[in-house]
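Colleague: based on what follows, work out the 3D shape:
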Amino acid sequence: MDHQALKDLAAHLDATLGDYLQGVHIAQGELTLQVHAEGLHRILKFLRDDSACHFEMLVDICGVDYPDREPRFDVVYHLLSIGNNLRIRVKVGVEEDAAVPSIVALYSTAGWFEREVWDLFGVYFTDHPDLRRLLTDYGFEGHPLRKDFPLTGYVELRYDDEQKRVVYEPVKLTQDYRSFDFTSPWEGAEYILPADENAAENTAENTAENAAENAANSDPS
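Modeller: Next comes the predicted model:
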């Protein structure tokens, strides 16, 4: 992407939207705007309609979780201008109990993307026409892409032959945490593999042969 074009666009946005921007950055050939949630709708409408921008395509909306940061979440919008051959990224910081205005009125595709962010991160979008889960199942608890969500989840599902339906059960881990001393990968195991038995027998035979050979070599006669 033309670096000078990005610099010109950044200067244009700073001059026209400076009061609504928290920051404008160019890094790795990409232009990023950091904005307040209150000004998001105005900024995206300007990026879509202004002749120097004309970002007519919303490529994606995604969430990012920073558990130790305030605000905790970033909602990130990726826009594309086909005519100007430019891309831009818009970031909005969101507190855990705060909300972001929906942009479905500006980009119809935002409806699916915002549902995905709500489902996976728990970020709420005000004025969304149908904000419900998209990727997880009905009755799912929690938001699986939050970094404090356990990798195993809270429940597991299986098909029950007796009930003839899918049932949910609490996750049961089959192996408890164990501390290894790294001397053997099978430390603490309650069984012996067949290969280990053969190895033990071969080791005993080799030890006996080596002892006999050493005794013969050390005989002075």
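
Colleague: looking at this protein, which helix or strand is least sure?
Modeller: When the helices and strands of the chain are scored by mean pLDDT, DSSP states H and E, helix 194-218 comes last with a mean of 60.

Colleague: quick one, helices of this structure?
Modeller: 3-17, 40-49, 110-121, 194-218 (DSSP state H).

Colleague: pLDDT weak spots in this structure?
Modeller: For the chain, the stretches with pLDDT under 70 are 1, 173-221.

Colleague: gap between the residue nearest in space to the middle of it and Gly63?
Modeller: In the chain, the centroid-proximal residue (C-alpha atoms, centre = their mean) is Leu145; its distance is 5.7 Å. Relative to Gly63, Leu145 is positioned 7 Å away (C-beta to C-beta, to the nearest Å). Just so you know, the C-beta spots here come from the backbone N, C-alpha and C atoms, and that holds for glycine as well.

Colleague: what residues sit buried inside stretch 55-69?
Modeller: Buried residues in stretch 55-69, counted by 16 or more other C-beta atoms under 10 Å: 55, 58, 61, 63-65.

Colleague: got those residues as CSV, with distance to Leu21 columns?
Modeller: Formatted as CSV, these follow (distance: C-beta to C-beta, whole Å):
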residue, distance to Leu21
Phe55, 15
Leu58, 19
Ile61, 19
Gly63, 21
Val64, 19
Asp65, 24
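
Colleague: touching, Lys91 and Glu30? I think so.
Modeller: No: counting by C-beta atoms under 8 Å, Lys91 does not reach Glu30; the two are 11.6 Å apart.

Colleague: so for the two, which sits in the more crowded spot?
Modeller: Here Lys91 and Glu30 are compared on neighbour count by other C-beta atoms under 10 Å; more neighbours surround Lys91, at 16 against 13.

Colleague: show me what that one is bridged to.
Modeller: Beta-bridge pairing for Lys91 (DSSP bridges): Gln34, Val76.

Colleague: which ones are touching the spatially closest residue to the residue nearest to the centre of the chain that is not a sequence neighbour?
Modeller: Distances taken as C-beta to C-beta, 6 or more residues apart in numbering place Leu120 nearest to Leu145, at 4.0 Å, with adjacent residues excluded. When contacts are counted by C-beta atoms under 8 Å, 6 or more residues apart in numbering, Leu120 touches 63, 135-136, 143-146.
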